[in-house]
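Q: I'd like to go over a predicted model; first the sequence, then the structure.
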Protein chains: 4
Amino acid sequence: MTVEIRILQKPGLNNPILICGLPGSGYVGKLAVDHLVSELDAIPIGEVYSSSFPPQIIIKPDGTSELMKNVLYAVTANQSRPDLLIFTGDSQPISPDANYEISERVVEVAHELGTETVFTLAAYITGAFVKEPKVYGTATSVDFAKELERKGVVKMSEGTITGMNGVLIGVAKKKGLTGASLLGETSGYIIDAKASQAVLVILSQLLSIKLNLANLESRAKETESVIQTIEQMRMRSQEKPIGKGEQPEKGPGYIS
Amino acid sequence: MTVEIRILQKPGLNNPILICGLPGSGYVGKLAVDHLVSELDAIPIGEVYSSSFPPQIIIKPDGTSELMKNVLYAVTANQSRPDLLIFTGDSQPISPDANYEISERVVEVAHELGTETVFTLAAYITGAFVKEPKVYGTATSVDFAKELERKGVVKMSEGTITGMNGVLIGVAKKKGLTGASLLGETSGYIIDAKASQAVLVILSQLLSIKLNLANLESRAKETESVIQTIEQMRMRSQEKPIGKGEQPEKGPGYIS
Amino acid sequence: MTVEIRILQKPGLNNPILICGLPGSGYVGKLAVDHLVSELDAIPIGEVYSSSFPPQIIIKPDGTSELMKNVLYAVTANQSRPDLLIFTGDSQPISPDANYEISERVVEVAHELGTETVFTLAAYITGAFVKEPKVYGTATSVDFAKELERKGVVKMSEGTITGMNGVLIGVAKKKGLTGASLLGETSGYIIDAKASQAVLVILSQLLSIKLNLANLESRAKETESVIQTIEQMRMRSQEKPIGKGEQPEKGPGYIS
Amino acid sequence: MTVEIRILQKPGLNNPILICGLPGSGYVGKLAVDHLVSELDAIPIGEVYSSSFPPQIIIKPDGTSELMKNVLYAVTANQSRPDLLIFTGDSQPISPDANYEISERVVEVAHELGTETVFTLAAYITGAFVKEPKVYGTATSVDFAKELERKGVVKMSEGTITGMNGVLIGVAKKKGLTGASLLGETSGYIIDAKASQAVLVILSQLLSIKLNLANLESRAKETESVIQTIEQMRMRSQEKPIGKGEQPEKGPGYIS
């Protein structure tokens, strides 16, 4: 398995906070982080390619296509925010192993850029619709867990967080960094802008970031529509296998 | 996982276009590329062995057998065509990882031989039979995508292309080469010579290749019959497991 | 795949017996070894991290979380016991390969600390409830197998022991060490403190350890309750996938 | 993934023929090769351990247990036979990759000992019972395929041979050695001593080996009984999972 990190530029940052949100069930973290990237004019400074991503290219509206990747963005500080690194991407890796290896590499790169604190944003799925989603959380130290509670985060005391949004925090702790995961309560049935918003409200208070959340709802709608399109294509493509001795180009959008 | 590329000979080629078609659902690309190999008297110049291919040997009509492999062919230019490299083979790799690693290696080898442009030929599966199959496409640059459109290719603007026929293009882009994928519209229910023909017509216009397409239909018939034989053997062999503590020689043709 | 062993301290031990119990069906060995760690005031001296553990963090009652890991403990000798090493952890590795690689590494580390004998404690599942669970066993030499029999262990003469609790013994033998596996008879339907107790009674006789078994039953109750909580969260979380092109943060407790 | 070959002794052999039979569906090849080992007083000269074998130990009638392994045996020539190497073992590897890697290593070791010709013995499963099982075959060269036909082997002309019994021949060919696979016709429903016998009759004619086949039938009966025991234990053990967040000690005989 290969992990290739391409550094596009080396920003001069001062102890940047690393904020991660990889696509997962609920899509809460990914939506929140995409919003941060857009609202804070984050600049891509690194790309992560890996043979552990689904083996496919993604076709974009302009007709071009490229490999799946993750991207590391930088945001420079001003009066309304500290220095930030933001990590997100098209996909989580396929294999369990790669969750660890990509997390190790990303935390290393961020640490070299001065990062001492890592957040992951994710979903807390309940199956029920709520008007005012809570934000659940866990941290890598008792002190940090208490600080989260003071800001209104509901302390978790059991369970697991699976995938990159968990492993990134665990790796941060193993390397001596501080980390926390913020999980927006959501039904799990829709792309839930309110859950992402709740997470971002807490995060902006924790980090003293001023953030415009107005566009978040429309972004949720777009995201849902994109995902439905992909799903429809997927289902259409799975209706018609041709019997064959060789391995098919498996599970394409609507192609092979 | 191992990937072993055996160079059989080093041809002197001038910026050869690399054309790839690995077996996938629809078999459109594989059929088209097999036709190119045969009609252009392509010469095998390299073999790709990998522990990621299905662990089996293929038995040939003369009674001999050998490991599954992919093959790189060369075609030298004359008045009716430019220099070409053609890449195809018995199988796509089994593991997601290997899709990336073999694609990386093959694009590297081609790049060392002067390749700057990579095509993959594949299927665009719709589930419906059409009289005049369209050719869909995507490219690694906006300019190239527009050139495809001018030649009659339907521009794709969403979805994914999975497997080697996607990853080869993505890897080409990552390495700074230009690439495009041409996808012949097909139902997915038969080996569809008309879809392969439609792809080859576009390709021959793009590359100014003169190509005789007369034998394509009979090749499709042969291919379908071979594939059906393999499927029948497969189903027969799966009827009769013996209970056993060890792993069976899994999924043989009709053998173990 | 990575295996990282962190040595926290190097104890001075005299031919310590290595006792292993990884979580497995029945939970007999894990429960027994957890009891040893607690009753003998075992000190953690090493941690095993691996990309082959489930890719997740575990959330603890104090609100903090960390990566899954295995732990090596040391117990120093006194009148009522010899020097011991104890190996257990949150999880067995996911992949078959990792069972071998972690076992190799752990036996090596123990061997460097002077270990010549390895025990694994595990479950012998029958599907039936019994009042007085037997202890079954196998060893790496005929002499050791006979010694087990003399202590009341029922000699096994066929079958396999799968996972770390088997492979650790097999690796010990391959490296020239002596090993034995003790398997407590259990229905497999509950966390069975009596089966763990039966195994510990035999072990304490074999190793001349004085052991208080009073707390074992309450520990079994706690364990069962923890496991049920995890299962409920798991089931709840699996009810509500959102259709999506990317891989979900798979199988979280109640989170992603 | 690791492959460890332990050379126990280096025999002085003269171009030994390598004969392989790994356990597979039908058990024809394994039974035949076990018979060779026993009748020719073959001496174990090498052991193959691999992290790609099922992660378990096998318990033997004397109460001892050890890791799964493959074994290379040597037979020295006399008037009634040439020098031979025989390769068999407890299991085929789990992963596709390992089929290739173990085959590469074993053929290399044999080649270093002088081997130029490799046979694999396997099953040709038909689902029907026959009185006089045929022997099917394929070879790595046209000449060798014809020689097989002259000895009464039915020439195969299509299909695949999956697993070690195929890959070993394919690897031999890739390395410039000669190879053939002999497949005994069998229903696939029983351990079929007659199929193994048919294969051994052909093999002994091809290699001018004098072979006593009298014990083969009783060996088949024993083998079947062992396998049934393993299966029963397996089924019993699969009835009773305990819900749990960790990976169980999976699929034990009747143990964990």
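A: Cool, got the structure. Residues are numbered from 1 along each chain as shown, chains lettered A, B, ... in the order given.
Q: report how many residues lie close to A:Asp143.
A: By other CB atoms under 10 Å in any protein chain shown, the residues close to A:Asp143 number 11. For the C-beta atoms, the positions are set from N, CA and C on the backbone; glycine is no exception.
Q: go ahead and confirm A:Val71 touches A:Ser91.
A: No: between A:Val71 and A:Ser91 there is no contact under CB atoms under 8 Å: 11.6 Å.
Q: these two: which is more packed in?
A: Counted by other CB under 10 Å, A:Val71 and A:Ser91 do not tie: A:Ser91 has more neighbours, with 21 against 18.
Q: for the residue of the stretch 51-200 of chain A found nearest chain D, phi and psi?
A: Nearest residue of the stretch 51-200 of chain A to chain D (CB to the nearest CB) works out as A:Thr160 at 7.1 Å. Dihedral angles of A:Thr160 (phi, psi; degrees, to the nearest 10) stand at phi -140, psi 160.
Q: is it bridged to anything, and to what?
A: Taking DSSP bridges as the rule, A:Thr160 bridges to C:Ile58.
Q: how about A:Gly89?
A: Beta-bridge pairing of A:Gly89 under DSSP bridges involves A:Asn70.
Q: number of residues surrounding it?
A: Neighbour tally, A:Gly89, other CB under 10 Å: 25.
Q: would you agree it is in contact with A:Val71?
A: Yes: here A:Gly89 reaches A:Val71: they are 5.7 Å apart, a contact under CB under 8 Å.
Q: what touches both of these two?
A: Any residue near both A:Gly89 and A:Val71 by CB atoms under 8 Å, 6 or more residues apart in numbering or on different chains counts here, and that gives A:Val48.
Q: what ranges do the helices span in the stretch 101-250 of chain A?
A: With DSSP state H, counting those that start in this stretch as the criterion, the stretch 101-250 of chain A has helices at A:142-150, A:164-174, A:193-207, A:216-238.
Q: what does the stretch 51-200 of chain A have sitting close to chain D?
A: Within reach of chain D by CB under 8 Å from any CB of the partner chain, the stretch 51-200 of chain A has these residues: A:Thr160.
Q: mind doing that once more with 7 Å?
A: Residues of the stretch 51-200 of chain A lying near chain D by CB under 7 Å from any CB of the partner chain: none.
Q: quick revisit: touching, the residue of the stretch 51-200 of chain A closest to chain D and C:Phe53? I think so.
A: No: checked against CB atoms under 7 Å, the pair A:Thr160 and C:Phe53 is beyond contact range at 11.3 Å.
Q: okay, these two: which has more neighbours?
A: Legend: neighbour count by other CB under 10 Å for A:Thr160 and C:Phe53, higher for C:Phe53 (28 against 25).
Q: quick one, phi/psi of the more buried one?
A: Torsion angles, degrees, to the nearest 10, at C:Phe53: phi -80, psi 160.
Q: and what of the one 10 residues further on?
A: Its backbone dihedrals place C:Gly63 at phi 90, psi -10, with angles given as degrees, to the nearest 10.
Q: and it, how many neighbours?
A: 23.
Q: enumerate every residue touching it.
A: Counting by CB atoms under 7 Å, 6 or more residues apart in numbering or on different chains, C:Gly63 makes contact with A:138-139, A:142, A:145, A:155-157.
Q: quick check, nearest of the residues you listed to chain C?
A: Out of those, the member with the shortest distance to chain C (by CB to the nearest CB) is A:Ala145, at 3.6 Å.
Q: that closest one and A:Ala139 touch, don't they?
A: Yes: contact status for A:Ala145 versus A:Ala139: in contact at 4.1 Å, counting by CB under 7 Å.
Q: need the residues touching each of the two.
A: By CB under 7 Å, 6+ apart, the residues touching both A:Ala145 and A:Ala139 are C:63-64.
Q: who has more neighbours, these two?
A: Shown here are A:Ala145 and A:Ala139; by other CB under 10 Å, A:Ala139 has more neighbours (28 against 23).
Q: ok, that one touching A:Leu183?
A: No: applying CB under 7 Å, one finds A:Ala139 not in contact with A:Leu183, separated by 12.0 Å.
Q: next, count neighbours for A:Leu182.
A: Neighbours around A:Leu182, by other CB under 10 Å: 29.
Q: and for A:Asn14?
A: 10.
Q: tell me the secondary structure for it?
A: For A:Asn14, the assignment made with DSSP: H, G, I helix; E, B strand; the rest coil gives coil.
Q: list the contacts of the closest residue to it other than its chain neighbours.
A: Among residues not flanking A:Asn14 along the chain, A:Asp83 sits closest, at 5.1 Å (CB to CB, 6 or more residues apart in numbering or on different chains). Applying CB under 7 Å, 6+ apart, we find A:Asp83 in contact with A:13-16, A:75-77.
Q: tell me the pLDDT of A:Asp83.
A: Note on A:Asp83: pLDDT of 98.
Q: then A:Gln247?
A: Note on A:Gln247: pLDDT of 31.
Q: over to A:Ala42?
A: The model's pLDDT for A:Ala42 equals 97.
Q: which residues does it contact?
A: A:36, A:73-75, A:86.
Q: tell me the one of the residues you listed nearest chain C?
A: The nearest one, if we look at these relative to chain C and count by CB to the nearest CB, is A:Ile86, at 17.5 Å.
Q: so which elements touch the one helix or strand the closest one maps to?
A: Using DSSP states H and E, A:Ile86 sits in strand A:84-89. On a contact count with 3 or more CB pairs under 7 Å, 6 or more residues apart in numbering or on different chains; DSSP states H and E, strand A:84-89 meets strand A:17-20, helix A:28-39, strand A:70-75.
Q: redo these as CSV? Include mean pLDDT.
A: Output for the helices and strands packed on strand A:84-89, formatted as CSV (pLDDT from 0 to 100):
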stretch, mean pLDDT
strand A:17-20, 98
helix A:28-39, 95
strand A:70-75, 98
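Q: just the ones you listed: most buried one?
A: strand A:17-20 (a mean of 27; mean count of other CB atoms under 10 Å in any protein chain shown).
Q: neighbouring strands for that one, and are they parallel or not?
A: Here, using DSSP bridges, strand A:17-20 pairs with strand A:84-89 (parallel), strand A:117-125 (parallel).
Q: and the shortest one with helix A:164-174, angle?
A: With axes from the mean of the first three to the mean of the last three CA atoms, to 10 degrees applied, the angle from strand A:84-89 to helix A:164-174 works out at 140 degrees.
Q: now strand A:84-89: how far from the chain's centre is it?
A: 8 Å (CA atoms, centre = their mean, to the nearest Å).
Q: may I have it as CSV, with CA atoms only?
A: Taking C-alpha atoms only, strand A:84-89 is exported to CSV below (Å, rounded to 0.1, in the frame of the first residue of the first chain):
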residue,chain,number,x,y,z
LEU,A,84,-5.5,26.7,10.8
LEU,A,85,-4.8,23.5,8.8
ILE,A,86,-7.9,21.8,7.4
PHE,A,87,-7.9,18.2,6.2
THR,A,88,-10.6,16.6,4.1
GLY,A,89,-11.0,14.7,0.9
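Q: ok, and what's touching it?
A: A:16-22, A:30, A:33-34, A:36-37, A:40, A:42, A:48, A:69-75, A:106, A:110, A:113, A:115.
Q: angle of it against strand A:70-75?
A: Using the same axes, to 10 degrees: strand A:84-89 against strand A:70-75 is 160 degrees.
Q: cool, and the last one?
A: For strand A:117-125 against strand A:70-75, the angle by the same axes, to 10 degrees is 120 degrees.
Q: what's the burial count for the residue nearest to A:Glu108 when sequence neighbours are not counted?
A: Leaving aside its chain neighbours, A:Glu108 sits nearest to A:Lys175 (7.7 Å; criterion: CB to CB, 6+ apart). Residues within reach of A:Lys175, counting by other CB under 10 Å, total 13.
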